[in-house]
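Asks: What follows is a predicted structure for the sequence shown.
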Amino acid sequence: MVNFCAVIGCSNRADGDRNKSFFRLPFVIAYQEPSTEKLSSRRQREWFAAIKRNIKKSNYSFTQVCLDHFITGSPSTLYDSENPDLVPTLHLGYDEVDTTCSMQQALCCFRAQDRAHSKHRRLDHDAEADVDHNDTSTTTISLESPRAARNVRELLMSDLKQHRLQIRKLIMTPL
């Protein structure tokens, strides 16, 4: 079986270079004292957070990380929690992401949401105009539904606008 590194963008394979070491993801040690279990589960969570991969339980024992992602070339021991090699920290494949692109995408998404909401408002206005042309028996019954829907929609829109403003402030603030 060929070993390959699970880090995004890393092309290291065990069959290509015999000098590359690979390390399995840490397991939770549940059969020792509770402090060991807590420490090992924290380490496992930090490894998952570092490599940012969704790994199935069936593939967990086969998933490995190569030595290029550790400062010293290998992970530290479980009890050496102050060591920076407790989790992989180098060349993780997502450090070099351009953040301006994601901000532009977020603003584009906001504009698309605004267009969709204005379209819904136009459709609601047209639906209310159509209701006025109906006979009085249906107008009385259907008037309650559009009003209730409009009230709910207005509440949701005001909440959405507040959230959108908060997100825009977060995006526009310099780091």
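Replies: Nice, thanks for sending it over. Numbers count the residues shown, from 1 in each chain.
Asks: Please count neighbours and contacts with C-alpha atoms only from this point.
Replies: Noted.
Asks: Mind checking the pLDDT average for the helix or strand hosting R121?
Replies: Using DSSP states H and E, R121 maps to helix 99-132. Computed over helix 99-132, the mean pLDDT rounds to 66.
Asks: Show me the contact partners of the helix or strand in which L39 is found.
Replies: In this assignment (DSSP H and E), L39 forms part of helix 34-51. Residues from elsewhere that reach helix 34-51 (C-alpha atoms under 8 Å, 6 or more residues apart in numbering): 6-8, 25-31, 78-79, 86-89, 92.
Asks: Now list the buried members of these.
Replies: 6-7, 25-26, 28, 86-88, 92 (16 or more other C-alpha atoms under 10 Å).
Asks: These: which two are farthest apart?
Replies: V28 and L92 (22.6 Å; C-alpha to C-alpha).
Asks: list the helices and strands the helix or strand just after the helix holding L39 packs on?
Replies: The element immediately downstream of helix 34-51 (helix or strand, assigned by DSSP H and E) is strand 64-66. Applying 3 or more C-alpha pairs under 8 Å, 6 or more residues apart in numbering; DSSP states H and E, one finds that strand 64-66 contacts strand 22-24.
Asks: ok, back up a step: tell me the buried residues in the helix holding L39?
Replies: Within helix 34-51, the residues that count as buried by 16+ other C-alpha under 10 Å are 36-37, 40-41, 43-44, 46-48, 50-51.
Asks: Check stretch 67-85 too.
Replies: For stretch 67-85, a neighbour-count test (16+ other C-alpha under 10 Å) marks 67-71, 74-76, 85 as buried.
Asks: Quick one: mean pLDDT for that stretch?
Replies: Mean predicted confidence for stretch 67-85 is 82.
Asks: I'd like to know how far D85 sits from G9.
Replies: 20 Å (C-alpha to C-alpha, to the nearest Å).
Asks: try C66
Replies: 12 Å.
Asks: who has more neighbours, the two?
Replies: Per other C-alpha atoms under 10 Å, whichever of C66 and G9 has more neighbours is C66, with 25 against 11.
Asks: Name the residues linked to that one by a beta bridge.
Replies: Beta-bridge pairing for C66 (DSSP bridges): F22.
Asks: any idea how far it is from T36?
Replies: 25 Å.
Asks: can you list the domains in the protein?
Replies: Taking automatic domain parsing as the reference, the chain has its domains at 1-96, 99-172.
Asks: re earlier: could I get the buried residues of helix 34-51 as JSON lines with pLDDT and distance to C108?
Replies: Shown next, in JSON lines, are the buried residues of helix 34-51 (pLDDT from 0 to 100; distance: C-alpha to C-alpha, whole Å):
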{"residue": "T36", "pLDDT": "87", "distance to C108": "47"}
{"residue": "E37", "pLDDT": "88", "distance to C108": "45"}
{"residue": "S40", "pLDDT": "87", "distance to C108": "42"}
{"residue": "S41", "pLDDT": "87", "distance to C108": "39"}
{"residue": "R43", "pLDDT": "88", "distance to C108": "38"}
{"residue": "Q44", "pLDDT": "86", "distance to C108": "36"}
{"residue": "E46", "pLDDT": "86", "distance to C108": "33"}
{"residue": "W47", "pLDDT": "83", "distance to C108": "33"}
{"residue": "F48", "pLDDT": "83", "distance to C108": "31"}
{"residue": "A50", "pLDDT": "85", "distance to C108": "29"}
{"residue": "I51", "pLDDT": "83", "distance to C108": "28"}
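Asks: No further questions, thank you.
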